[in-house]
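Visitor: let's see this in three dimensions:
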Amino acid sequence: MLVLVAPGQGAQTPGFLTPWLELPGAADRVAAWSEAIGLDLAHYGTKADADEIRDTAVAQPLLVAAGLLSATALGDVSPGVVAGHSVGEFTAAALAGVLDDTAALRLVRTRGLAMAEAAGITPTGMSALLGGDPEVTLPHLERLGLTAANVNGAGQIVAAGTLEQLAALEADKPEGVRRVVALKVAGAFHTHHMGPASATLEEAARELSPAAPSTRYVSNKDGRVVADGAEIVARLVGQVANPVRWDLCMETFRELGATALVEVCPGGTLTGLAKRALPGVATVALKTPDDLDAARTLIAEHAAV
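Guide: This is a model prediction of the structure:
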């Protein structure tokens, strides 16, 4: 059974969209999306530097556009499950037919702008903790005033909070944690710091008419399969200020019988977690169009309606 997943913010790198725009029809699709959301996606995906695409308002729609573009390039795919990490949930919602591509990109553009504004209130950020025992790490973060914003499984937790709190974490790592790595994001996402963004997104979501998903959609909130389109959108709104439980998503993939996982562009992060947490599950990450043939081969062997 095939799982199709979409990465979250921090996966972007300068120029990563360039080879995808060379595929037939890709440049026209991106141009139409750019006009619809008022953001030159082609420019940011090909010419912008790391600081420019670190901007939350840019990174989020850029990642969703790249995910949708690469998924289309795969051809006719029938995954057994779709899911996304953080902003990747918007990609997954579009892939499942809950929202059309343009609606998903418009909503994520609103999300990015609102989260950037919320992040400007207090200097905040996020850092990944590599290694350690969650039973030790989680209480340690709480003592420092930090939130476990992403519980990713495979020994990885992402802490979020003020820059001062993150500096204190760097100086006082939980027992067993090997490294603390600052992420390429511009705020403490999935924490109470994003409360104002949730309110903005909720208002924007009222204009949508979501459809039921065409395949099983696994939610970041609790790893549950959600079959109602309106509930999926409500979860997209609420997730802005609440932790991502990717560990529970991967548990659900296992329980549902996953045998293969393909991560859409810019792939790598989620396949890395899957290799450690889901032994025996074959993986392919779509980094460039050169990865399409390997992904199609895997899909042909494992896809299920």
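
Visitor: that's a helix at residue 217, yeah?
Guide: No - counting by DSSP: H, G, I helix; E, B strand; the rest coil, residue 217 falls outside a helix, being strand.

Visitor: who touches the closest residue to it other than its chain neighbours in this structure?
Guide: Nearest in space to residue 217, with sequence neighbours left out and distances taken as C-beta to C-beta, 6 or more residues apart in numbering, is residue 96 at 4.9 Å. C-beta here means a position set from N, CA and C on the backbone, and glycine is covered the same way. Contacts of residue 96 were listed using C-beta atoms under 8 Å, 6 or more residues apart in numbering, and they are 82, 213-215, 217, 232.

Visitor: tabulate those (CSV), appending neighbour count.
Guide: CSV is the format used below for the contacts of residue 96 (neighbours: other C-beta atoms under 10 Å):
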residue, neighbour count
82, 29
213, 20
214, 14
215, 19
217, 27
232, 22
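
Visitor: of these, which is the nearest to residue 123?
Guide: Nearest to residue 123, judged by C-beta to C-beta, of the contacts of residue 96 is residue 232 at 32.4 Å.

Visitor: contacts for the helix or strand hosting that closest one?
Guide: In this assignment (DSSP states H and E), residue 232 forms part of helix 229-238. With contacts defined as C-beta under 8 Å, 6+ apart, helix 229-238 is touched by 89-90, 93, 96, 98-99, 107, 198, 201-202, 205, 208, 210-213, 217, 219-221, 226.

Visitor: and stretch 133-142, which residues are buried?
Guide: By 16 or more other C-beta atoms under 10 Å, the buried positions in stretch 133-142 come out as 134, 137-138, 140-141.

Visitor: how close does residue 118 get to residue 171?
Guide: 27 Å (C-beta to C-beta, to the nearest Å).

Visitor: more neighbours: these two, which one.
Guide: Taking neighbours as other C-beta atoms under 10 Å, residue 118 and residue 171 compare with residue 118 leading, 25 against 9.

Visitor: which residues of the stretch 1-150 of the chain fall in helices?
Guide: Using DSSP state H, counting those that start in this stretch, the helices of the stretch 1-150 of the chain run over 26-37, 41-46, 50-54, 56-73, 88-95, 101-119, 134-143.

Visitor: re earlier: could you flag which of the contacts of helix 229-238 are buried?
Guide: The neighbour count (16+ other C-beta under 10 Å) marks 89-90, 93, 96, 98-99, 107, 198, 201, 205, 208, 210, 213, 217, 219-221, 226 as buried among the contacts of helix 229-238.

Visitor: list the contacts of residue 276.
Guide: Residue 276 makes contact with 153-155 under the criterion C-beta under 8 Å, 6+ apart.

Visitor: chain center to the strand or helix carrying it: distance?
Guide: Of the helices and strands defined by DSSP H and E, residue 276 is found in helix 269-277. Relative to its chain's centre, helix 269-277 lies at 14 Å (C-alpha atoms, centre = their mean, to the nearest Å).

Visitor: and it with helix 88-95, angle?
Guide: Relative orientation of helix 269-277 versus helix 88-95 (axes from the mean of the first three to the mean of the last three C-alpha atoms, to 10 degrees): 100 degrees.

Visitor: in helix 269-277, which residues are buried?
Guide: Quick answer for helix 269-277 (16+ other C-beta under 10 Å): 269-274, 277.

Visitor: ok, then the element right after it?
Guide: Under the assignment DSSP H and E, the closest C-terminal helix or strand after helix 269-277 is strand 282-285.

Visitor: show me what that next one is packed against.
Guide: The contact analysis (3 or more C-beta pairs under 8 Å, 6 or more residues apart in numbering; DSSP states H and E) places strand 282-285 against strand 260-263, helix 269-277, helix 292-302.

Visitor: and residue 148, how many neighbours does it have?
Guide: For residue 148, the neighbour count with other C-beta under 10 Å is 21.

Visitor: er, residue 293 actually
Guide: Neighbour tally, residue 293, other C-beta under 10 Å: 10.

Visitor: sorry, back to before: closest one of the contacts of residue 96 to residue 10?
Guide: Comparing the contacts of residue 96 against residue 10 with C-beta to C-beta places residue 82 closest, at 20.3 Å.

Visitor: and the closest one, how far is that from residue 114?
Guide: Computed with C-beta to C-beta, the distance linking residue 82 and residue 114 is 24 Å.

Visitor: right, and residue 175 touches residue 131 too?
Guide: No - Residue 175 lies out of contact with residue 131 (C-beta atoms under 8 Å); the separation is 9.9 Å.
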